[in-house]
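In: Below is the sequence, then the predicted model.
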Amino acid sequence: MFVSVVEQRGIRAAAERLGLAQSSVSRAVSATEARLGVRLIERSTRAFRVTEVGRLYYEQCRAALDRIAQADVLVQGRRNELAGTLRVSAPVVMGAYLLSQVVPAFLSRHPKARVQLDASDRLVDLVPEGIDLVVRLGRPAVASGLVTRLLATPSAGLYASAAYLGEHGVPRTPADLNAHRLLTLGGTDMPTHWTLRRGEEQVQIRTAPVMHTNDMPTLLAAATQGCGICTAPHFVCQRERLRDTLVQVLPDWQTDAIEVRTLYPSRRSVTPLLRAFVDLLAETAAQSLNVEPPRGA
């Protein structure tokens, strides 16, 4: 009952999921807290929050339930059958360029599997939201009980539309970027500079962007419509629909590679279904995202 309350983010939702009376679930959680002598969940009519010790307790309980489920599968002689539901979260750009390939292939290989995909740029919390696996850009802080796996390190460069370059001129050196309109991608913190590399040479360019967003499609739309110069992974800009609309700027210079990682529960609680999905994800990412810079741009 406690695991269900955490995953459903509330006693009422957990009771409905379990088919039990809300009062029964509430008493069970309270009895568990009394037995342990700690507060596992802070709950009121307006708020629901799992405490720090509650998260640790949930991770162990979730792992125990997963092991019990695996034992049932083993006893029933279905260990090699991959069935069940995976809940996956990924940024929108990864949904478009990676998960759109992985999920259909995975379902084709494993007909009894089900996938719930949340393509969103919000940061999700695996434990309270009941997510089995998340894909993240960059190097995330790894919470207790979670494992991170590097999927790919796609290289990135500077891109702009031909119309923009025709109007504002083509930069010949990194310093020329100071006279251009820049479009930046990232979180809520405004970036202060770009780091450009050419072999062992490295320079930093201060940025005062005319637009900053955490949404890759919005960034690319602004670039293709002539709003300025952006940094973007090569695997995105080499897609067929952008090949004729974006031109690589300063092709000898590269921006920082972007780490694409996945996060999932500890190895001890990884199900065969999750393991198969992660392996296919890593295989596809290595082929689709590690795109070489364009030649002769």
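Out: That came in fine, so what should we check first? These figures come from a predicted structure and were not determined experimentally.
In: Find the nearest non-adjacent residue to residue 20, please.
Out: residue 1 (7.6 Å; C-beta to C-beta, 6 or more residues apart in numbering). For the C-beta atoms, the positions are set from N, CA and C on the backbone; glycine is no exception.
In: my guess is that neighbour contacts residue 21, does it?
Out: No. Contact criterion C-beta atoms under 8 Å: residue 1 and residue 21 do not qualify, at 11.3 Å.
In: between those two, which one's more packed in?
Out: Set residue 1 next to residue 21 and count neighbours by other C-beta atoms under 10 Å: residue 1 wins out with 18 against 10.
In: Where does pLDDT dip in the stretch 101-250 of the chain?
Out: Counting by pLDDT under 70, the ranges of the stretch 101-250 of the chain that qualify are 127, 138-145, 187-191, 239-244.
In: all strands of it, in order?
Out: Ranges of strands in the stretch 101-250 of the chain, per DSSP state E, counting those that start in this stretch, are 113-119, 133-137, 146-152, 156-160, 182-185, 193-198, 201-206, 211-213, 229-233, 247-249.
In: right, so of these, which gets closest to residue 52?
Out: Minimum separation from residue 52 across the strands of the stretch 101-250 of the chain (C-beta to C-beta) falls at strand 146-152, 14.9 Å.
In: Other residues contacting the closest one?
Out: Residues outside strand 146-152 that contact it (C-beta atoms under 8 Å, 6 or more residues apart in numbering): 126, 135, 140, 142, 259-267, 278, 281-282, 285-286, 289-290.
In: cool, and stretch 215-228?
Out: Residues from elsewhere that reach stretch 215-228 (C-beta under 8 Å, 6+ apart): 91-93, 96, 121, 159-161, 163-164, 167, 180-183, 185, 209-211, 213, 229-230, 232, 236-237, 242, 245-246.
In: do that again at 6 Å, thanks
Out: The contact list for stretch 215-228 (C-beta atoms under 6 Å, 6 or more residues apart in numbering) reads 93, 159, 161, 163-164, 181-183, 185, 210-211, 213, 230, 245.
In: Narrow these to just the buried residues.
Out: 93, 159, 161, 164, 181, 182, 183, 185, 211, 213, 230, 245 (16 or more other C-beta atoms under 10 Å).
In: thought the residue nearest to residue 20 was touching residue 25?
Out: Yes. Contact criterion C-beta atoms under 6 Å: residue 1 and residue 25 qualify, at 5.1 Å.
In: out of the strands of the stretch 101-250 of the chain, nearest to residue 41?
Out: Per C-beta to C-beta, nearest to residue 41 of the strands of the stretch 101-250 of the chain: strand 146-152, 20.5 Å.
In: Many thanks, we can stop here.
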